[in-house]
Each structure stands twice: as C-alpha cells, then as structure tokens.
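*Asks:* fold the following, please.
(2 chains)
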Amino acid sequence: MNASWSRFNIASIVLGFAFLYLPIVLLVIFSFNESKLVTVWTGFSTKWYVSLFNNTSLMDAAWVTARVGVLSATFATILGTMAALALTRYTRFRGRVLFSGMVFAPLVMPEVITGLSLLLLFVAIGFDRGFMTVTLAHITFSMCFVAVVVQSRLMTFDRSLEEAAMDLGATPVKTFFQITLPVIMPAIVSGWMLAFTLSLDDLVIASFTSGPGATTLPMKIYSQVRLGVTPEINAVCTLLIGVVAMGVIIASLVNKRREVQRVRDEQAAQRG
Amino acid sequence: MKSLGSIRRSFAPWTDPSAKPYIVFENVTKKFGDFTAVNNLSLTIYEKEFFALLGASGCGKSTLLRMLAGFDEPTSGRILLDGQDMRGIPPYRRPVNMMFQSYALFPHMTVEQNIAFGLKQEGMPKAEIDRRVADMLKLVKLEQFAKRKPHQLSGGQRQRVALARSVAKRPKVLLLDEPLGALDKKLREETQFELMDLQQNLGLTFVVVTHDQEEAMTMADRIAILDKGEVMQVATPAEVYEAPASRFVAGFVGNVNMFEGKVAARDDHTARITGASGAEIVVENAGDAVAGDTVAFAIRPEKIKVTSRRPEEAVNAMEGEVFDLAYLGDMTVYYVKLSDGQMVKASALNSARITEDALSWNDRAWISFKPDAGVVLTR
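*Replies:* Below is the predicted model:
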C-alpha cells in the first residue's frame, strides 16, 4: 500500500475532520469569550464558567441528569443483562424470536414515538410526571442497548466454564456469581456506561416524560437556547464534552494497556 | 506362557466373575431430537481401571462422558456408579470430576485459585485447602506458576492445571475428554506416560474419551470401540488389535489386509478359506465360523513376510508383484499386487542394516504368513 500523503488524502482528511469538529471547536472557543455576544470575540475570559456555577437552575438540572443517569443506567443494566441471559441461554423456549425482536425494537423505534407512548401510559395510569417517570423512561429505552452489548459477549462465552464449575461442586447460583458474572463483567460495565451516556444525551424522551421540578440538563439547555445562546451555555456544553471525552479516553487507555499486557503475557508463556 | 500381544497384564478384574463393576451403563439410550447419539448401550467399568472410549467424532463417546458427569440425562436406561443409580443427581453432587477438552480454566482466577475452586465448594478449612493446592502444584510441577493467570501459561501448562484442578477433590472417577488433543506430538507422548503414572499413584478410575487410537492403545487397560452410538468391541488393546471382533474394528484400529472369501472346510483346529480367485488360506483360529460361511480373513501388515522366492515351509503363500515400496528407517513397507489384483500391505522391521536379497519395484515376490497370524471375521 502506498503510505505517502497525497494532496488529495490531506484535503479529504482536513475536510472530514473540519466537518465533524469545527462546530464543537467554535463552541469551546466561544465559551472563553469575554463578550456577552456569542459571535464576536473580544478577549479571553473564564467568567462564564464562574457564572455557570452560580446559576442554580443550570446546576439543579445537572444534578437531576446525574441522578437520572446513574439510576436508570443501573436498572437498565440489571434488566438488560437478564434479558441477554434469557435470550442466549434458553434458546428453545416458545416465542423466543418474537421476544428477542421485541427487546431490540426500541433500538430502531423513533424516540418521538417511544416518548409519546410512555407519556400516554403515564397519563393513563395516573402517574405524576417527574423524576420517577424520566428515570423509568430511560430504563425502558437504554435496557435494550445493554442487552445487545451483553448478548454479544455471551455468544462467545465458553459454556464449559460453567460446566466445569458445577462439576467441581458449585451450585448453579454459585456458578453464576463466581464464574459467569466475573467473566462477562467488562461487557456489563460497558453496557452501563452506554446506558449512562444515552440517558445523559437524551432530550426527546425526557421532554415527553418529565414534569415540573425534574428538568434535565439537555432540556434546560434547549429551553435556554430558544431565548438566545449565552456564553454560559457554551461553557456548560464544553464541560459536558470534557466529561464525555475524558470517559472515552480513559476507557480506551485502560483497554489498550490491558491488551498490550495480554499480548506480552502470551508471548512470555509461549517461550515457556 | 502364551499371551495375546506382547504385554502380560496382572490387572484384569473383567476376567474375574466375582469382581463388582464400578460404573455400569445399562441399556442407555440418548436422543437429541431425532438424532440418536447413544443407542441401547451397555458397558461395565471396574474400579482403578484406565478405560478408553475410542471412536470417530459423532460416535457418541463424548455424550457418554457427559451423561456420567451429569450434564446430560439418558433418554432411557440407567447409569450406576458404585451401585447407586445416578438419575436425577446434578453434576455438583456426583463424586466424579471431569477434565474438559478446552480445559475450561477460569480466566479471572490464578492457577492456585483454579485448583482451590472445587475444594472451596466443599467448605474445606483454609489451611487444608492451601496444603492440598500445594500438593497438586507439586504433582504437576507448576509450583512457580501458582500466581499466574491461565492466559499467562503455555498449552502444556494449562493442560496440567486442568488436570490438577480435576484431581484436587480426589474424585472416585476422573473423566477426561480428549485430554491430550490440544498438545503437540512430542508433548502428547510425554504426557501420556505422566497420566498413566498419576492414575497408578492416586489409584483412581479413569475414563478417557479419545479419537486417537495410538493414545488409547498406549494408556488404557481396556478400550471400548464405538460407532454410531453402539459398542463394537470392549477389550484390552492387544485383543482389539490381534483379535478384532468385526471388520469395522479391524479396519478402525491400525492397518489391516482383508481377504474376503468362504469357509471351504472346517475342523476342530483349522479352517480352510477359499478366496474369490480360488486362492486358499489355512487358518488356525477361525472362531465360530462354520463351513459355508462368508467371512473375511484379516491380517496385519507386520505379520506378512515378503520374499523373492516361495518359502519352503510356508503353509500360506501367494505370488505377486512389488507394486510400491517405502523405506521408513525403522521399517520398510511393501505393497504387493497379487495375481487376482488384490493389493496387500506388508511391513518388515529393519533389524539389520544390510539386506542380502533386497526387493525393488516390479519384482516378482511371494507373501507368506503362518496359520495363526490372522483372524477370521464373520461380522
């Protein structure tokens, strides 16, 4: 393969990355703007970050989002893992195809429809909209993502590990907690992270299912932007980007190091 | 004293009618949907026996092992272990342990923790677990690898960890599913003898599943040859090789020449078999074949002599042409084409460096063999 950098290659890379990151870079730069006007650069300042931390309504929304995220991700992970186990282990039960289709349908369901149908349900059963309803809604739609992640790990799981554990005297329950769970734990953790991120990002479903006093950060940002973009919003978005980027970088570094360590160990083992 | 094969065995409980069988398969059938993996199979295994289940893949040998371990239940029939019916007893309550083909080492545990796993389930005190684990590590010579994880070990080391883990609980019976399948040839030969020593020293009953006949011949006291879920023959390695029960067994284990024919005459001691081309073979051990039976005469290549002239004293001799030759160092293999077109394989041990009357391609040659060199097969 020709590895040299032709002009065409450089141009397409620059264009591609500009397309992806220019808006974000602009947002980050303007969050450090001195001026109150978003589009005019007058000098460097961090004052918008300071005012952000004094803006109680934004901070409240951030706190709600964090709580909804942790709670919904945790429950979605438990339910999603159980669904994945049922789908990979009990392959002979009646209606398995229908069940798996039903678990994965929300993946492609338009969010508007998910949100609307949940809203109708909550209204129908007379459930007061608020923190609980947003959390429930988030569990509903992120559960299937967790199920997909965990199921793909279970597909490659060597069942003889479980058989070996039982053969050595472990009951099925002990086998699950001492062998199965630790082995699929990385997939469960990434399922949790995915669910948490989805909950953090969600605007549509939260708008449908939330009520007074339970405004999430994306909802807050969206409603403020409609009144005009302030550098404060830029600042909060920059922080969000920072948190997400940090998470991705740490996860990939940990993965990379583990991979390198594994390769080195295996080479050492081959040498004997 | 005469004995079949070249080894005399002192351990042979299966010849003793008063010996109590330890593991009994009684008319066991196992079906998976429409597929019959094991078909009305009966088998007895004795205590401290090294028993091999030999067969091609899909013959039901692994299913037998899994039923003994408790992972599968027989569709019908019974399995008895030390007189106790095993039906309905889950794997974690059976006094058997299994060494898996994939080893199934727990990837998140160290070698030590892997070996200790079964002992912990028993609720053994910690000090005793530590002592037992140390013993096991010493037994398989992995003391300095105790703190390693399975992925930090070579294939041979993993195999030994799996072995140590499965014998740590001192099970009554150890089941081994293709225990040497994943090792390279040299390591496999070493490990065969290690396994035999281990079985002797611990006094355990071993049931090993293998598709490698050499492995089964080397290690086992008795071999059960399986085909399509049925037992073809259960016998010592020497009997399986020198006195196969059927054409299938003769062809499955080792190389064999088969002469199809009819029993022309039969008396107490000998039988005369006439081949399709009219050649006659005199056989001493004709079993239960009677005159008129359609039979096969089976003879192993190393029991046939190839010479350039007809040996004077030979009872059975046939003329042919040397079709092909292979010099393998320790022995030479001859392919002789008889006048009726049948190809006969013969092999001779090269016990001398210099050969007086060496044969070449297309030479006329005689094959000859003694009346007791082969067997008559009716099935």
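
*Asks:* give the contact list for the one residue sitting closest to the centre of chain A.
*Replies:* For chain A, the residue nearest the mean C-alpha position is residue A:197 (2.3 Å; Cα atoms, centre = their mean). Contact partners of residue A:197, counting by Cβ atoms under 8 Å, 6 or more residues apart in numbering or on different chains, are A:244, A:247. Where you see a C-beta, it was placed from the backbone N, CA and C, and this is true even at glycine.

*Asks:* how near is it to residue A:188?
*Replies:* 15 Å (Cβ to Cβ, to the nearest Å).

*Asks:* could I get the full set of helices for the stretch 51-200 of chain A?
*Replies:* Taking DSSP state H, counting those that start in this stretch to define them, one finds helices in the stretch 51-200 of chain A at A:56-89, A:96-108, A:111-124, A:131-155, A:159-167, A:172-175, A:181-201.

*Asks:* got the buried residues for the longest one?
*Replies:* Neighbour-count burial for helix A:56-89 flags A:58, A:61-62, A:64-65, A:68-69, A:71-73, A:75-77, A:79-81, A:83-88 (criterion: 16 or more other Cβ atoms under 10 Å in any protein chain shown).

*Asks:* quick check, it touching chain B?
*Replies:* No. Judged by Cβ under 8 Å from any Cβ of the partner chain, helix A:56-89 makes no contact with chain B; its nearest approach is 14.4 Å.

*Asks:* now do that helix: which elements does it pack against?
*Replies:* Helix A:56-89 sits against helix A:47-54, helix A:96-108, helix A:131-155, helix A:181-201, helix A:217-226, helix A:231-271, with contacts defined as 3 or more Cβ pairs under 8 Å, 6 or more residues apart in numbering or on different chains; DSSP states H and E.

*Asks:* outline the domain layout of chain A.
*Replies:* A:8-45, A:56-252 (automatic domain parsing).

*Asks:* what's the span of the longest one, first residue to last?
*Replies:* The reference is to domain A:56-252. 34 Å (Cα to Cα, to the nearest Å).

*Asks:* got the residues of chain A near chain B?
*Replies:* Residues of chain A lying near chain B by Cβ under 8 Å from any Cβ: A:158, A:160-161, A:163-171, A:174, A:178-179, A:182-183, A:262, A:265-266, A:268-270, A:272.

*Asks:* buried members of those into PyMOL, please.
*Replies:* In PyMOL, this line selects whichever of the residues of chain A next to chain B come out buried by 16+ other Cβ under 10 Å:
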select buried, chain A and resi 160+161+163+164+165+166+167+168+169+170+178+179+183+269
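
*Asks:* flag every residue of chain B that's near chain A.
*Replies:* Close to chain A, as judged by Cβ under 8 Å from any Cβ, chain B has residues B:69-71, B:90-93, B:96-98, B:100-102, B:104, B:106-108, B:117-118, B:121-122, B:149, B:151-154, B:157, B:165-166, B:169.

*Asks:* give me the buried subset of the residues you listed.
*Replies:* Counted by 16+ other Cβ under 10 Å, those give B:69-71, B:91-92, B:96-98, B:100-102, B:104, B:106, B:117-118, B:121, B:149, B:152-154, B:157, B:165-166, B:169 as buried.

*Asks:* on that earlier part again, next, format the domains of chain A as CSV and append mean pLDDT.
*Replies:* Output for those, formatted as CSV (pLDDT from 0 to 100):
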stretch, mean pLDDT
domain A:8-45, 84
domain A:56-252, 86
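
*Asks:* per-residue confidence at residue B:145?
*Replies:* Residue B:145 carries a pLDDT value of 89.

*Asks:* so it sits against residue B:157, correct?
*Replies:* Yes. Judged on Cβ atoms under 8 Å, residue B:145 makes contact with residue B:157 at a distance of 6.3 Å.

*Asks:* partner residues bridging residue B:318?
*Replies:* residue B:367 (DSSP bridges).

*Asks:* need the helices for chain B, in chain order.
*Replies:* B:61-69, B:111-121, B:126-139, B:155-167, B:185-202, B:213-219, B:237-242, B:247-252 (DSSP state H).

*Asks:* how about the contacts made by residue A:227?
*Replies:* Applying Cβ under 8 Å, 6+ apart, no residues contact residue A:227.

*Asks:* how about it, phi and psi?
*Replies:* phi -90, psi 0 (degrees, to the nearest 10).

*Asks:* now it: how far from chain B?
*Replies:* 53 Å (Cβ to the nearest Cβ, to the nearest Å).

*Asks:* also residue A:35?
*Replies:* On the measure of Cβ to the nearest Cβ, residue A:35 and chain B end up 55 Å apart.

*Asks:* same question, residue A:204
*Replies:* For residue A:204, the distance to chain B - Cβ to the nearest Cβ - is 40 Å.

*Asks:* now residue A:260
*Replies:* Residue A:260 is 13 Å from chain B, by Cβ to the nearest Cβ.

*Asks:* what's the burial count for that residue?
*Replies:* A count of neighbours around residue A:260, defined by other Cβ atoms under 10 Å in any protein chain shown, yields 10.

*Asks:* quick check: pLDDT value at it.
*Replies:* So residue A:260 comes in at 83 (pLDDT).

*Asks:* right, I'll call it a day here.
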